[in-house]
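A.B. asks: Below are the sequence and a predicted model; questions follow.
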Amino acid sequence: MAARWSVTATLATPLHLDSGIATPSEQSLCFDAVDVLVIRDGRIARKDTYIDAFSLQGQLAGDAQPKTA
């Protein structure tokens with residue numbers, strides 16, 4: 001079973017990205033996600049969540065401060 005959903009949020013704490021560190025702002029973020037559920041005997045045996053990380057990183061990339069060595 002799979003469920004598709006959208007996330008709308010604002011960044012509350014710094015987030016480490018490949019391109020640097022995104023700092024909290026008032027910017028609203030929106031990206032898609034999918035939950036994949038494995039059902040056994042009528043119960044959820046496993047749930048995996050996949051997010052559209054490319055979309056999220058693209059929205060945060062402009063605000064990211066470069067990483068320092």
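C.D. replies: Happy to help now that I have it.
A.B. asks: For R40, see how far away the spatially most central residue of the chain is.
C.D. replies: Central residue of the chain (C-alpha atoms, centre = their mean): I51, 5.2 Å from the mean position. Using C-beta to C-beta, to the nearest Å, we find I51 at a distance of 25 Å from R40. Backbone N, C-alpha and C define where each C-beta goes, glycine included.
A.B. asks: Repeat that for K47.
C.D. replies: Between K47 and R40 the distance is 12 Å, computed by C-beta to C-beta.
A.B. asks: Which one of those two is surrounded by more residues?
C.D. replies: Counted by other C-beta atoms under 10 Å, K47 and R40 do not tie: K47 has more neighbours, with 12 against 8.
A.B. asks: Quick check: beta-bridge partners of that one?
C.D. replies: Counting by DSSP bridges, K47 is bridged to L37.
A.B. asks: quick one, which residue of the protein lies the farthest from its center?
C.D. replies: Of all residues in the chain (C-alpha atoms, centre = their mean), D41 lies farthest out, 30.5 Å.
A.B. asks: which residues sit in contact with that residue?
C.D. replies: By C-beta atoms under 8 Å, 6 or more residues apart in numbering, no residues touch D41.
A.B. asks: Provide the secondary structure category for the residue nearest to I51 when sequence neighbours are not counted.
C.D. replies: Nearest residue to I51, sequence neighbours excluded (C-beta to C-beta, 6 or more residues apart in numbering): A33, at 4.5 Å. Counting by DSSP: H, G, I helix; E, B strand; the rest coil, the backbone at A33 sits in strand.
A.B. asks: Great, nothing more from me.
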